[in-house]
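In: give me the fold of what follows.
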Amino acid sequence: MAADLALVSVLIQLFVDLVTSDSIDFYNIMPAAEVFMSCAATPYPKSFKCFTCEQASDNYRCNRWAEDVWCPQNTQYCMTIHHFNHHGKTTFVTKRCAVHEECQLAGCRHHKNTHHECISCCEGMVCNVELPTNHSNAVFAERQTQSSAAPTFRIWDSVILMVPVLTGLLPL
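Out: Predicted coordinates:
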């Protein structure tokens, strides 16, 4: 009897791990208040927000005072433009929503001897938290699209297979 309960406990934990790990979309994070307001709070399907500021003095001020608005429907990405001097000191930060063509500018550039500029783009809810500072993080980071059907089938196959196992072990 104790062995049966231990097996049921292990099977339930495996099932919970399977369902939760396949169901989480770590790239599509919604602010907590909006999760409870459901889809009615979003202006259009797959809408998103970016940190937005125009020539903020540093990244903290940009993120802290970022305008809380939904990105226009024609945009798909969050862009960050970081201007800094030749000593690496930030001169200003601009963050906004962007279209695919604008994100082709991702990377770092040196403008004569006056300043440096690094641009990055990302895809997802408020994904532009950090500043691009060099060629390794001044990138155009697009999400890889995956079929949403594949994880669903794996989860439901597991449910269908586990129900007879669990019901056979539990006393009636």
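In: how much space is there between Ala56 and Asn85?
Out: From Ala56 over to Asn85 the distance is 16 Å, taken as CB to CB, to the nearest Å. (Glycine included, C-beta is placed from N, CA and C.)
In: out of those two, which sits in the more crowded spot?
Out: Using other CB atoms under 10 Å, the more surrounded residue of Ala56 and Asn85 is Ala56, with 20 against 12.
In: how much space is there between the more buried one and Glu123?
Out: 22 Å.
In: over to Lys89?
Out: Applying CB to CB to Lys89 and Glu123 gives a distance of 29 Å.
In: settle it for me: which of the two has more neighbours?
Out: Glu123 (17 against 9).
In: show the backbone phi and psi for the more buried one.
Out: phi -120, psi 120 (degrees, to the nearest 10).
In: count of residues packed around His116?
Out: Around His116 there are 18 residues (other CB under 10 Å).
In: show me the helices in this protein, by range?
Out: 2-23, 32-36, 59-64, 100-103, 149-169 (DSSP state H).
In: now the first one: average pLDDT?
Out: It stands for helix 2-23. What helix 2-23 shows for mean pLDDT is 54.
In: got the domain ranges for this protein?
Out: 1-27+146-172, 48-142 (automatic domain parsing).
In: confidence-wise, which of the ones you listed is weakest overall?
Out: Among these, domain 1-27+146-172 carries the lowest mean pLDDT, at a mean of 52.
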